[in-house]
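Q: What would the 3D arrangement of this be:
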Amino acid sequence: MEELDSSELGTLEYWENRYKEEITNFANHGDSGEVWFGEDIVDRILAWFFKNVDKDLSVVDVGCGNGHILIELAREGYSNLTGLDYSPKAIDLAKAVAEKQGLQIKYFVNNVLEGLENTYDIIHDKGTYDAISLNEDSKKNRHKYIKSIETSLKDNGYFIITSCNWTQHELTDQFKDIFILHTTVQTPQFKFGGKLGSVVSICIFRKKPNM
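A: Numbers count the residues shown, from 1 in each chain. Model (predicted):
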């Protein structure tokens with residue numbers, strides 16, 4: 001498996017600057033910011049949640065950004081929601097958006113590479129593993145990330161990851177020592193050279209028994 005080239009998307013400085021702009025836009029225009037991967041992908045993730053996840057289970061969004069996924073879950077009655085991001089500006093924005101809508105969501109500044117403080121029934125990641133894969137210490141930090149997720153996911157919990165950098169097979173291979181692929185969420189496909197592929201992969205994993 002080839003490593004990805006490093007990018008500014010893998011740096012805290014990039015995200016702090018990005019969310020600083022989005023905080024200003026939200027204050028001036030009420031725009032909560034970009035929906036990463038697009039509304040269609042978010043709708044597919046949410047549809048899986050609504051069908052498979054009880055509303056009282058603990059859900060954490062790792063690298064929550066503006067909190068869009070958690071906002072949508074809260075609107076549907078999910079009550080035990082936590083958002084984590086290593087960007088303080090992202091957390092400031094997410095808190096402001098939730099407060100404006102009168103929604104009860106817990107938000108904390110947290111770097112997943114340094115571990116999560118609690119355990120959760122559901123761990124969700126849309127793009128954070130991608131960003132980690134684009135920093136200069138990608139391989140080492142991916143191992144830290146996987147260990148952190150393993151430690152913080154309850155034994156019967158689900159780990160939901162959405163990626164545009166890694167395919168389903170690559171994700172399954174990278175997490176195979178600790179997690180079993182439970183299912184995938186179908187995403188729009190394209191055909192090239194006679195083979196079908198997806199631009200975005202959504203995988204749901206569970207811990208291997210006795211881990």
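Q: Rank the helices and strands of this structure by mean pLDDT and give me the bottom one.
A: strand 189-192 (a mean of 50; mean pLDDT, DSSP states H and E).
Q: buried ones in the strand ranked longest in the chain?
A: When the chain is parsed with DSSP state E, its longest strand is strand 153-163. For strand 153-163, the neighbour count (16 or more other Cβ atoms under 10 Å) marks 153, 157-163 as buried. In this view, the C-beta of every residue, glycine as well, is placed from N, C-alpha and C.
Q: Tabulate the residues you listed (CSV), appending distance to I105.
A: Written out in CSV, the entries for the buried residues of strand 153-163 read as follows (distance: Cβ to Cβ, whole Å):
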residue, distance to I105
L153, 20
G157, 19
Y158, 19
F159, 20
I160, 17
I161, 20
T162, 19
S163, 24
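Q: Next, give me the two most distant ones among those.
A: Spatially, the most separated pair among those is G157 and S163, at 19.2 Å (Cβ to Cβ).
Q: Now the most centrally placed residue in the chain: which helix or strand?
A: Note on the chain: the residue nearest the mean C-alpha position is D125, at 1.7 Å, using Cα atoms, centre = their mean. Using DSSP states H and E, D125 sits in strand 120-126.
Q: any residues touching that strand, and which ones?
A: Counting by Cβ atoms under 8 Å, 6 or more residues apart in numbering, the neighbours of strand 120-126 from elsewhere in the structure are 36-37, 41-42, 45, 49, 53, 57-63, 69, 82, 149, 152-154, 156-162.
Q: do the same with stretch 138-151
A: Where contact means Cβ under 8 Å, 6+ apart, the residues beyond stretch 138-151 that reach it are 3-4, 6, 10, 62, 112-116, 119, 123, 125, 128-129, 132-133, 135, 159, 174-175, 178-179, 207, 211.
Q: From Y107, how far off is D92?
A: The span separating D92 from Y107 equals 9 Å under the rule Cβ to Cβ, to the nearest Å.
Q: quick one: which of those two has more around it?
A: Set side by side, D92 and Y107 show more neighbours around Y107, with 23 against 18, by other Cβ atoms under 10 Å.
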